[in-house]
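Student: could you look at this predicted model? Sequence included:
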Amino acid sequence: MGAHEKSQGNANSMQRVKVYRLNEDGKWDDQGTGHVAVDYLERSEEMALFVFDEEDNETLLLHRISPDDIYRKQEDTIISWRDSEYSTELALSFQENTGCSYIWDNICNVQRSMHFSSLNNETFHTMNSELRELPAVELSTLPIILKTVTESGLADQMRLTELILNDQDFFQKLMELFRICEDLENIDGLHMIFKIIKGIILLNSPQIFEKIFGDELIMDIIGSLEYDPDVSQVQHYRNFLKEHIVFKEAIVIKNPMVLSKIHQTYRVGYLKDVVLSRVLDEATVASLNSIIHSNNATVISLLKDDSTFIQELFASLRSPTTSSESKKNLDRHPHNVLESGPKPSAPLCCSPGRNSTFRTFGTCFIRVCW
């Protein structure tokens, strides 16, 4: 027995292990390869070692950590013990010695806590959050990522947010995996990605929102939320946004930032009011509303200072070739330029209290219709 061969390109190799069991002949039987974690047993305050099979994510090993001195660390890559439940010797052979040290420290920390008093959930989560690392974003690690996102305590949520933000490619990799799962019709994978994205949104981090609501990611993010396991049918949010929402400009807007903010405002409002309306808490709703209002202010400021846009607006209003209906559209809804939220014939409208700003160019100019 010994550390197995290094898996090329696996960023999560530090927690990759082989599980061995001592048979009646005194030989070590290979029980499989997977990823090891220290976590709570379901509906319990007991801590355990979990090993999830790297091929099918089934549980290869579940071992309740004992307060007794039964564990041995060997050769920097092996942890072994006498397991009373299996009535035999078990061993974990780590691919990397750093992974072995990481799990060994976890076991020692749990034992230390068990020796003092019954373990408080939040106390251990705080301790554990200092050690936890996100695994590489791969199909085989989705269950571990999901468990980390959905079962984090308050202190862990802050650490989780930090880890996500530190991985510059986390969302790109997750959305690439989403597209692969969608192409392969991997419903289990799509359901896990839905739960991961929902959980991350509920972290309510402005820095994360800045990433996922950018032009590069937001449509894939919305697409991943079409696969809610609690809803019998797949939703079609992207199709609705692409096919049924018509962006009309009474005056052509040439500033790409203005256009980006307008589209983002509508999509964030759609996510808030339709896609996740059943699950968002008040704090997250308030944060999304804040994004919308901030976008409103940005668009108003940029257009107010765009002399070319204002000149074209007034030229259209004065032009004898502009139809009466077009002038009505230009002159309609003076207080509504960037309204969020998907409503029939919903204008993109400004926030209240901007009358003085819009008196400078008189009106609303953009409408979204379906």
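Tutor: It's in. Keep in mind the model is a prediction, meaning the values are calculated, not measured. Numbering: from 1, shown residues only.

Student: tell me how this protein divides into domains.
Tutor: 1-119, 128-234, 245-370 (automatic domain parsing).

Student: can I get the ones you listed in a markdown table including mean pLDDT and mean neighbour count?
Tutor: No exception for glycine: its C-beta is placed from N, CA and C like everyone else's. Converted to a markdown table, the domains of the chain look like this (pLDDT from 0 to 100; neighbours: other C-beta atoms under 10 Å):
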| stretch | mean pLDDT | mean neighbour count |
| --- | --- | --- |
| domain 1-119 | 81 | 16 |
| domain 128-234 | 89 | 17 |
| domain 245-370 | 67 | 16 |
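
Student: K18 belongs to a strand?
Tutor: Yes: assigned with DSSP: H, G, I helix; E, B strand; the rest coil, K18 falls within a strand.

Student: okay, and the residue lying closest to it once chain neighbours are set aside sits in which element?
Tutor: Ranked by C-beta to C-beta, 6 or more residues apart in numbering and with sequence neighbours excluded, the top spatial neighbour of K18 is S93, at 4.5 Å. Using DSSP states H and E, S93 falls within strand 88-94.

Student: which helices and strands does that strand pack with?
Tutor: strand 16-22, strand 59-64, strand 78-83, helix 97-116 (3 or more C-beta pairs under 8 Å, 6 or more residues apart in numbering; DSSP states H and E).

Student: adjacent strands (with direction) for the third one?
Tutor: Think strand 78-83. strand 71-74 (antiparallel), strand 88-94 (antiparallel) (DSSP bridges).

Student: with distance to Y102 as extra columns, can I get those in TSV?
Tutor: Shown next, in TSV, are the strands paired with strand 78-83 (distance: least, C-beta to C-beta, whole Å):
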stretch	distance to Y102
strand 71-74	12
strand 88-94	9
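
Student: select, out of the ones you listed, the one closest to Y20.
Tutor: Each of these has some distance to Y20 by C-beta to C-beta; the shortest is strand 88-94, at 4.4 Å.

Student: ok, which stretches of the stretch 151-300 of the chain are helices?
Tutor: Here the stretch 151-300 of the chain has its helices, by DSSP state H, counting those that start in this stretch, at 154-166, 170-183, 187-201, 206-212, 218-224, 237-239, 256-270, 282-304.

Student: now those as a markdown table including distance to Y20?
Tutor: A markdown table is the format used below for the helices of the stretch 151-300 of the chain (distance: least, C-beta to C-beta, whole Å):
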| stretch | distance to Y20 |
| --- | --- |
| helix 154-166 | 31 |
| helix 170-183 | 31 |
| helix 187-201 | 29 |
| helix 206-212 | 40 |
| helix 218-224 | 38 |
| helix 237-239 | 47 |
| helix 256-270 | 51 |
| helix 282-304 | 46 |
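
Student: for N109, which of these is the nearest?
Tutor: Checking the helices of the stretch 151-300 of the chain against N109 by C-beta to C-beta gives helix 154-166 as the closest, at 14.9 Å.

Student: restricting to C-alpha, output that closest one in PDB.
Tutor: Output of helix 154-166 as PDB, limited to C-alpha atoms (Å, rounded to 0.1, in the frame of the first residue of the first chain):
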ATOM      1  CA  LEU A 154     -22.800  32.100   9.400                       C
ATOM      2  CA  ALA A 155     -19.000  32.200  10.000                       C
ATOM      3  CA  ASP A 156     -18.500  29.700   7.200                       C
ATOM      4  CA  GLN A 157     -20.500  31.900   4.800                       C
ATOM      5  CA  MET A 158     -18.000  34.700   5.100                       C
ATOM      6  CA  ARG A 159     -15.100  32.300   4.500                       C
ATOM      7  CA  LEU A 160     -17.000  30.700   1.500                       C
ATOM      8  CA  THR A 161     -17.600  34.100   0.000                       C
ATOM      9  CA  GLU A 162     -13.900  34.900   0.300                       C
ATOM     10  CA  LEU A 163     -12.900  31.600  -1.300                       C
ATOM     11  CA  ILE A 164     -15.200  32.100  -4.200                       C
ATOM     12  CA  LEU A 165     -13.900  35.600  -4.900                       C
ATOM     13  CA  ASN A 166     -10.300  34.400  -4.600                       C
END
